[in-house]
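1. Generate coordinates for the sequence data below:
(one chain, ligands or ions: 2)
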Amino acid sequence: SGCWARAMAILRELEEKCGTPIGKLRQVADAMTVEMHAGLASEGGSKLKMLISYVDNLPTGDEKGLYYALDLGGTNFRVLRVQLGGKDGRVVNQEFAEVSIPPHLMVGTSHALFDFIAAELAKFVSTEGQGFHLSPDRQRELGFTFSFPVRQLSIASGTLIKWTKGFSIDDAVGEDVVAELTKAIERQGLDMRVAALVNDTIGTLAGGRYFNNDVTAAVILGTGTNAAYVERAQAIPKWHGLLPKSGEMVINMEWGNFRSSHLPLTDYDSALDVESLNAGEQIFEKIISGMYLGDIVRRVLCRMAEEAAFFGDTVPPKLKIPFILRTPDMSAMHHDSSSDLRVVGNKLKDILGIPNTSLQTRQVVVELCNIVAIRGARLSAAGILGILKKMGRDTVREGEKQRTVIAMDGGLFEHYTEFSKCLESTLKELLGDEVSESIVIEHSNDGSGIGAALLAASHSQYL
Ligand code: ADP
Ligand code: MG
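-> Ligands and ions are numbered 1, 2, ... in the order given. Prediction:
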């Protein structure tokens, strides 16, 4: 029927607009490299903030003692304690707890959010049992992973630049998040010092390096997306401090805010952006990360329902609710291997209130998920190529056997297999066979927590 043809036209148009041929990916990678240079050259020189982390030494393996970490990143936050045993012992013992953040606290006050976090932390500390040993007369120390853009003032202080990923707490912007956390910890009557403030990318890089010496970059693909890498201190013109002894500085790129005329953007993306809490910002993140992919799919389905009666004569009302279709549900549909696509059928019924869909309709939904996921995965690979170029590791050098490991973390990369498979194959495609052999993507399962604890250890007041 004409309706079906119209629906197919919408799908084909999307496919075309989301296209990421290899030439375009190279342009995106080059633009990423250019913006990296610009962001390092001067404050505000680029959409890429290229934030200085104050981490100029990554973990060595010698770290020892009991340390805590707290990871506030998106939908959940985690608290963790590790007993570090030095070179031989390594991680002697570790425990963690995960708590979901009540949504009202994401848009409330700074005080309320930090009180909640500190209370959970205090609860967790009170369950410390055997296998964990604090040296006598010592204060407990914590690495605070805070995955939002922060202008660091030192390794253990920094002011919040802006919120992302659905958080919006006005009175916290511009404040030192370590001071806020410290006050909340004191209000709990807990005796603990925040020894390091790190972005989750930095935590993942540190955690990755602890287990593998070849780790030089980290990428997060979760609710949001971001990357960090080790830069030569001399290649950071905007850094006016003393050059660190190591000659290196870890940079938090905040690549979620990258944008370029080469990015394949659609009307759905513009609408999502305009209606978001942070319009005009985090454009790369909004076409790649887990918070948004499901909603892009929903927006396309909504248009198909409105303009092509894709689900019958009326538009299913639930299709109009922003974020009702989450990326894990999108991924479940995309991975549906049953012959009648019954997972897709059930998701459409249970989440969107659309019963009795035909196989043909379900196939279109899967194709739609594929288009949106593949664009995100391929652009992520292009971003990684941009970093490798900046590090001079996108080519093989004569006589050198240099391995580069990229530590990856985040629920999207971990669980969305079609996405991660595509990312890895695209990176291979971009690098070619020879170079590909020296570049490894390593899934770092929650390395950021351990990484933050390790950085707390290397910045302990007792060293
Ligand atoms: P955060 O980024 O909030 O710190 P995670 O790294 O755990 O937390 O990532 C959680 C995000 O990962 C979710 O918001 C979701 O978008 C995505 N995700 C989780 N499970 C899946 C899944 N099965 N398929 C696709 N995406 C998933
Ligand atoms: Mg996280």
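2. Give me the phi and psi angles of residue 264.
-> Backbone dihedrals for residue 264, given as degrees, to the nearest 10, come out at phi -80, psi 100.
3. Can you name the residues of the stretch 201-350 of the chain that neighbour ligand 1?
-> Residues of the stretch 201-350 of the chain found near ligand 1 (CB under 6 Å from any ligand atom) are 222, 223, 224, 290, 291, 327, 328, 331. All C-beta spots, glycine's among them, are computed from the backbone N, C-alpha and C.
4. From those, which land in helices?
-> Within these, residues falling in helices by DSSP state H are 327, 328, 331.
5. what about the strands in this structure?
-> 51-52, 64-72, 76-85, 91-100, 140-146, 150-154, 157-160, 192-198, 215-221, 225-232, 248-252, 404-409, 439-443 (DSSP state E).
6. Format the ones you listed as TSV; extra columns: mean neighbour count.
-> Putting those into TSV (neighbours: other CB atoms under 10 Å) gives the following:
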stretch	mean neighbour count
strand 51-52	22
strand 64-72	23
strand 76-85	21
strand 91-100	14
strand 140-146	26
strand 150-154	17
strand 157-160	20
strand 192-198	26
strand 215-221	28
strand 225-232	25
strand 248-252	25
strand 404-409	25
strand 439-443	17
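7. Dump those into CSV; add mean pLDDT as well.
-> Converted to CSV, the strands of the chain look like this (pLDDT from 0 to 100):
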stretch, mean pLDDT
strand 51-52, 98
strand 64-72, 97
strand 76-85, 95
strand 91-100, 96
strand 140-146, 98
strand 150-154, 96
strand 157-160, 98
strand 192-198, 98
strand 215-221, 98
strand 225-232, 98
strand 248-252, 98
strand 404-409, 97
strand 439-443, 97
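8. now the ones you listed in CSV, with distance to residue 461?
-> Formatted as CSV, these follow (distance: least, CB to CB, whole Å):
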stretch, distance to residue 461
strand 51-52, 22
strand 64-72, 12
strand 76-85, 16
strand 91-100, 22
strand 140-146, 7
strand 150-154, 13
strand 157-160, 14
strand 192-198, 7
strand 215-221, 26
strand 225-232, 25
strand 248-252, 21
strand 404-409, 28
strand 439-443, 32
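9. Count the residues that sit near residue 26.
-> For residue 26, the count of nearby residues is 16 (other CB atoms under 10 Å).
10. And residue 213, by the same measure?
-> 13.
11. for it, what are its contacts?
-> Listed by CB atoms under 8 Å, 6 or more residues apart in numbering, residue 213 has no contact partners.
12. Check residue 243 too.
-> So residue 243 contacts 233, 234 (CB under 8 Å, 6+ apart).
13. Report pLDDT for it.
-> For residue 243, the pLDDT comes out at 93.
14. ok, now residue 453?
-> We have a pLDDT of 98 for residue 453.
15. For ligand 1, see how far away residue 460 is.
-> Residue 460 is 26 Å from ligand 1, where distance means CB to the nearest ligand atom, to the nearest Å.
16. for that residue, what are its contacts?
-> Neighbours of residue 460 in contact, by CB under 8 Å, 6+ apart: 65, 67, 141, 195.
17. got it, and residue 15?
-> Per CB under 8 Å, 6+ apart, neighbours of residue 15: residue 371.
18. Check the gap between it and ligand 1 for me.
-> 21 Å.
19. Also residue 194?
-> From residue 194 to ligand 1 the distance is 19 Å (CB to the nearest ligand atom).
20. cool, and residue 405?
-> 19 Å.
21. Put together TSV for the ones in helices among the residues of the stretch 201-350 of the chain next to ligand 1, with neighbour count, pLDDT and distance to residue 29 on each row.
-> Shown next, in TSV, are these (neighbours: other CB atoms under 10 Å; pLDDT from 0 to 100; distance: CB to CB, whole Å):
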residue	neighbour count	pLDDT	distance to residue 29
327	29	98	24
328	15	98	29
331	22	98	26
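22. Skip the chain neighbours and tell me the closest residue to residue 247.
-> residue 233 (5.5 Å; CB to CB, 6 or more residues apart in numbering).
23. Which single one of the contacts of residue 460 is nearest to residue 107?
-> Compare each of the contacts of residue 460 with residue 107 using CB to CB and the shortest gap goes to residue 195, at 29.6 Å.
24. Next, the single nearest residue of the chain relative to ligand 2: phi, psi?
-> The chain approaches ligand 2 most closely through residue 73 (3.3 Å), counting by CB to the ion. Dihedral angles of residue 73 (phi, psi; degrees, to the nearest 10) stand at phi -140, psi -30.
25. Alpha carbons only: can I get stretch 101-109 in CSV?
-> Backbone C-alpha positions of stretch 101-109 (Å, rounded to 0.1, in the frame of the first residue of the first chain) are rendered in CSV as follows:
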residue,chain,number,x,y,z
ILE,A,101,20.0,7.5,42.1
PRO,A,102,16.4,8.6,42.8
PRO,A,103,15.5,10.7,39.7
HIS,A,104,14.3,13.7,41.7
LEU,A,105,17.8,14.0,43.1
MET,A,106,19.2,14.5,39.6
VAL,A,107,17.3,17.7,39.2
GLY,A,108,17.1,18.9,42.8
THR,A,109,19.7,20.6,45.0
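26. Tell me which residues of that stretch come out buried.
-> Going by neighbour count (16 or more other CB atoms under 10 Å), the buried part of stretch 101-109 is 101, 105, 106.
27. hmm, who's touching it?
-> 72, 75, 76, 77, 112, 113, 116, 166, 167, 168, 169, 171.
28. How about the fifth one: what's its closest non-neighbour residue?
-> Leaving aside its chain neighbours, residue 112 sits nearest to residue 105 (5.8 Å; criterion: CB to CB, 6+ apart).
29. Can you give me the pLDDT of the closest residue in space to the residue of the chain closest to ligand 2 that isn't next to it in sequence?
-> Excluding the flanking residues, the one nearest residue 73 by CB to CB, 6+ apart is residue 147, at 3.8 Å. Listed pLDDT for residue 147 reads 95.
30. What count of nearby residues applies to residue 147?
-> Neighbours of residue 147 (other CB under 10 Å): 27.
31. Dump the C-alpha coordinates for stretch 399-411 into PDB.
-> In PDB, the C-alpha atoms belonging to stretch 399-411 read as follows (Å, rounded to 0.1, in the frame of the first residue of the first chain):
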ATOM      1  CA  GLY A 399      61.400  -1.500  13.600                       C
ATOM      2  CA  GLU A 400      59.200  -0.600  16.500                       C
ATOM      3  CA  LYS A 401      56.800  -3.100  18.100                       C
ATOM      4  CA  GLN A 402      54.700  -0.700  20.000                       C
ATOM      5  CA  ARG A 403      51.400  -1.900  21.300                       C
ATOM      6  CA  THR A 404      48.600   0.400  22.200                       C
ATOM      7  CA  VAL A 405      45.700  -0.700  24.400                       C
ATOM      8  CA  ILE A 406      42.500   1.300  24.700                       C
ATOM      9  CA  ALA A 407      40.600   0.500  27.900                       C
ATOM     10  CA  MET A 408      36.900   0.600  27.200                       C
ATOM     11  CA  ASP A 409      34.000   0.600  29.700                       C
ATOM     12  CA  GLY A 410      30.400   1.400  30.000                       C
ATOM     13  CA  GLY A 411      27.100  -0.500  29.700                       C
END
